[in-house]
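Asks: predicted model and sequence follow; I will ask about them next.
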Amino acid sequence: MKLTVERLPESHVRLDIAAEEAEFTSAMDKAYRKVSREIMVPGFRKGKAPRQIVERMVGREIFIEEAHRGLMDDLYRQALKEADVVPVGDPDVEFVTAEPLEFKVTVAVYPTIEPGDYASVRVEPRDAAIEESQVDEVIERLRKTSSPWVEPAEPRKPAEGDQVTVDLTLTGEDGEPFQDPIEDAVFVLGESQLFEPLRAAIEDLQVGESTDVTMAFDEDDEAAAERLRGKAITYGVTLKSVKQRELLPLDDEFAKTYAEEESVEALRMAIRNDIHQGKTNEVRNEVVNEIVEQIANGATVEIPAPMVDEAVTEEIGRMRQRLQYQRSTLEAYLRSTGQTEDELREELRPAIALRLRNTLVLREVAEREGIEVSDDDLDREVEEITEGAPNAEQLRVVYSGDRYMRTVLRNDLFDKRLTDRLVEIATEGRGAVINGYVAPPRSQETDATSPDAEAATESAPATVETVGVVTEASAEEPVGVTPAGEETDAAS
């Protein structure tokens, strides 16, 4: 085979491939044997007719086409190996001559990655200390969520913090119902998301009274649901009940009943540890993200479009899966956003391309730093994870025999080693976090954080993905109120 390799922009190569005469002759001989076995020539058994007779019957082009079918694939694979490139996506093939075979292939390839001077990246450690007021805030939330709702001693209008039950009707400008009436909608004033005029109207009612509120929404009002924009809606509100929280006393009995802790002090310690651990993780993630961004910005890499296309397709697939878990579909999501799938792909593409760039650069850094995880490393990690666990043997079986679980564990361990090394380089050994949470030794560990106490705290957002240490900011949308067990966007 004769091969000429030309490097093109955007991680593409052009391979000029020509078969040697002996290679083409051999391919033609194979093609003749195959074709002759498949046709009947009068006076001859299958496969025994002379080549010249078969050629006159079916034409030489049939042999050439069959020869090309196998030879082109073989030569292409050889060319990739000689050029030392990994193809990404389908090749574009151009014939030059059919006999002897010569053709050109243009194909996107795995990019060459130059991570730059990543060892010169520097960041400052960040403080993960927490304030006692944060503990107080969580405890108050726990008290509020645990305390019962009771009716006021005397009838009164609703006030901030009260729970109200209302019936709602929505009427359009044409006097027709805008949607079905909502009965027994429950809101907490000051906590539930309610339009301010609607909240003010509720706060001016006594139980049993009704009022109307007309609200006009601008076309570009992003605070309103899309179906409300550009419309004037009249809300009919009837106040059915008002309740106030009867805050429970903060004492040891409260700690035992609602947080499964022995005392208030034990509850405070559990919450303090949980907040501190979350803050430590959050701060470390911020430092790692800063390091990754600096390294990626200093790197040189041209990602071919087919590689981004594939990553976008994979993300669309993950979206489909997530929506299925929520008993929805991608098609329903697209209808709600007014997008086509192509428009969604274009919207996702920039962020995915950035994430892919970070992944590729960090893989190259990991290779240069010799970051790897062996099977022995995995076995030691399994032992550490299962040590002291009540179902240790069962966990060992799962981690040791389940391929998926071992892959997840390998990725986690690889990412930890890589990010630890990046932090060591960028902070010159000082570490990512100052005043960070330090877990007690395993022999001293207890169930310091109960399920209820943990649920009352806000955990740190995970901003570092486990595969390829891809950093990605995540923002949680506020959860709307669902009165009477139904979602509604018309009141908030």
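Replies: Thanks, I have the structure now.
Asks: going forward, measure contacts and count neighbours with C-alpha atoms only.
Replies: Noted.
Asks: what about stretch 242-250, average pLDDT?
Replies: Per-residue pLDDT values across stretch 242-250 average out to 95.
Asks: could you export that stretch as PDB, CA atoms only?
Replies: What follows is stretch 242-250 as a C-alpha-only set of coordinates in PDB (Å, rounded to 0.1, in the frame of the first residue of the first chain):
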ATOM      1  CA  VAL A 242     -56.000  30.100  58.300                       C
ATOM      2  CA  LYS A 243     -53.600  28.200  60.400                       C
ATOM      3  CA  GLN A 244     -50.400  29.300  62.300                       C
ATOM      4  CA  ARG A 245     -47.400  27.200  63.400                       C
ATOM      5  CA  GLU A 246     -47.300  26.200  67.100                       C
ATOM      6  CA  LEU A 247     -43.500  26.100  67.400                       C
ATOM      7  CA  LEU A 248     -42.300  23.200  69.500                       C
ATOM      8  CA  PRO A 249     -39.900  23.900  72.300                       C
ATOM      9  CA  LEU A 250     -36.300  23.200  71.500                       C
END
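Asks: so what touches it?
Replies: Applying C-alpha atoms under 8 Å, 6 or more residues apart in numbering, the contact partners of stretch 242-250 are 143-144, 146-152, 157-158, 161-165, 207, 254, 264.
Asks: distance from stretch 349-359 to the middle of the chain?
Replies: On the basis of C-alpha atoms, centre = their mean, to the nearest Å, the separation between the geometric centre of stretch 349-359 and that of its chain is 12 Å.
Asks: now that stretch: buried residues?
Replies: In terms of neighbour count (16 or more other C-alpha atoms under 10 Å), stretch 349-359 has its buried residues at 349, 352-359.
Asks: just the buried ones from the contacts of stretch 242-250?
Replies: Among these, those scoring as buried are 143-144, 146-147, 149, 157-158, 161-165, 207, 254, 264 (criterion: 16+ other C-alpha under 10 Å).
Asks: re earlier: so can I have TSV of the buried residues of stretch 349-359 showing pLDDT?
Replies: As requested, the buried residues of stretch 349-359 are arranged in TSV below (pLDDT from 0 to 100):
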residue	pLDDT
Arg349	96
Ile352	96
Ala353	95
Leu354	94
Arg355	94
Leu356	95
Arg357	95
Asn358	95
Thr359	94
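Asks: ok, back up a step: narrow the contacts of stretch 242-250 to those in strands?
Replies: When these are checked against strands using DSSP state E, the ones located there are 149-150, 163-165.
Asks: count the residues that sit near the nearest residue to Tyr437 once chain neighbours are set aside.
Replies: With sequence-adjacent residues excluded and distances taken as C-alpha to C-alpha, 6 or more residues apart in numbering, Tyr437 is closest to Gln277, at 5.2 Å. Other residues near Gln277 number 20, with proximity taken as other C-alpha atoms under 10 Å.
Asks: ok, now the one 3 residues further on?
Replies: The local packing of Thr280 (other C-alpha under 10 Å) involves 25 other residues.
Asks: which parts of the host helix or strand of it are buried?
Replies: Assigned by DSSP states H and E, Thr280 belongs to helix 264-297. Buried residues in helix 264-297, counting neighbours by 16+ other C-alpha under 10 Å, are found at 264, 266-292, 294-296.
Asks: what of stretch 118-138?
Replies: The neighbour-count check on stretch 118-138 (16+ other C-alpha under 10 Å) flags 118, 121-126, 128, 130, 135, 138 as buried.
Asks: list the contacts for the closest residue to Asp379 other than its chain neighbours?
Replies: Ranked by C-alpha to C-alpha, 6+ apart and with sequence neighbours excluded, the top spatial neighbour of Asp379 is Ser400, at 7.5 Å. With contact set as C-alpha under 8 Å, 6+ apart, Ser400 has these partners: 379, 382, 406.
Asks: next one: the closest residue to Leu80 other than its chain neighbours from Ala31, what distance?
Replies: If the residues on either side of it in the chain are set aside, Leu80 comes closest to Val86, at 6.9 Å by C-alpha to C-alpha, 6+ apart. For Val86, the distance to Ala31 (C-alpha to C-alpha, to the nearest Å) stands at 29 Å.
Asks: could you do Tyr76 as well?
Replies: From Tyr76 over to Ala31 (counting by C-alpha to C-alpha), the distance is 18 Å.
Asks: now do Ala426
Replies: Using C-alpha to C-alpha, one gets 61 Å for the distance from Ala426 to Ala31.
Asks: neighbour count winner among these two?
Replies: Shown here are Ala426 and Ala31; by other C-alpha under 10 Å, Ala426 has more neighbours (24 against 20).
Asks: the more buried one: what's it in contact with?
Replies: With the criterion set at C-alpha under 8 Å, 6+ apart, Ala426 makes contact with 119-123, 291.
Asks: quick one: low-confidence ranges for the stretch 251-400 of the chain?
Replies: For the stretch 251-400 of the chain, no stretch is flagged by pLDDT under 70.
Asks: burial measure for Lys240, as a count.
Replies: Neighbour count of Lys240, defined by other C-alpha under 10 Å: 19.
Asks: just say helix, strand or coil for Ala185.
Replies: Assigned state for Ala185: strand (three-state reduction, DSSP: H, G, I helix; E, B strand; the rest coil).
Asks: gap between it and Gln179?
Replies: Relative to Gln179, and taking C-alpha to C-alpha, Ala185 is found at 15 Å.
Asks: which one's more surrounded, the two?
Replies: Of the pair Ala185 and Gln179, Ala185 is the one with more neighbours under other C-alpha under 10 Å, namely 19 against 11.
Asks: which helix or which strand is home to Lys243?
Replies: When secondary structure is defined using DSSP H and E, the element that contains Lys243 is strand 232-245.
Asks: now do the helices in the stretch 251-400 of the chain.
Replies: Along the stretch 251-400 of the chain, the stretches classed as helices by DSSP state H, counting those that start in this stretch are 252-259, 264-297, 305-325, 330-337, 341-368, 375-386, 392-401.
Asks: which strands or helices does the longest one pack on?
Replies: The contact analysis (3 or more C-alpha pairs under 8 Å, 6 or more residues apart in numbering; DSSP states H and E) places helix 264-297 against strand 126-127, helix 132-146, helix 252-259, helix 341-368, helix 403-426, strand 433-434, helix 451-455.
Asks: so which of the ones you listed is the most packed in?
Replies: Mean neighbour counts were compared across the helices and strands packed on helix 264-297 using mean count of other C-alpha atoms under 10 Å; the top stretch is strand 433-434, at a mean of 20.
Asks: phi and psi next, for Val107.
Replies: The phi/psi pair for Val107 (degrees, to the nearest 10) reads phi -150, psi 140.
Asks: measure it to Glu114 for me?
Replies: If you measure Val107 against Glu114 using C-alpha to C-alpha, the figure is 21 Å.
Asks: what does Gly89 give?
Replies: 22 Å.
Asks: returning to that earlier point: so which pair among the buried residues of stretch 349-359 is furthest apart in space?
Replies: When those are compared pair by pair using C-alpha to C-alpha, the two farthest from each other are Arg349 and Thr359, 15.1 Å apart.
Asks: quick one, helices of the stretch 1-150 of the chain?
Replies: Using DSSP H, counting those that start in this stretch, helices in the stretch 1-150 of the chain cover 21-38, 51-58, 60-83, 132-146.
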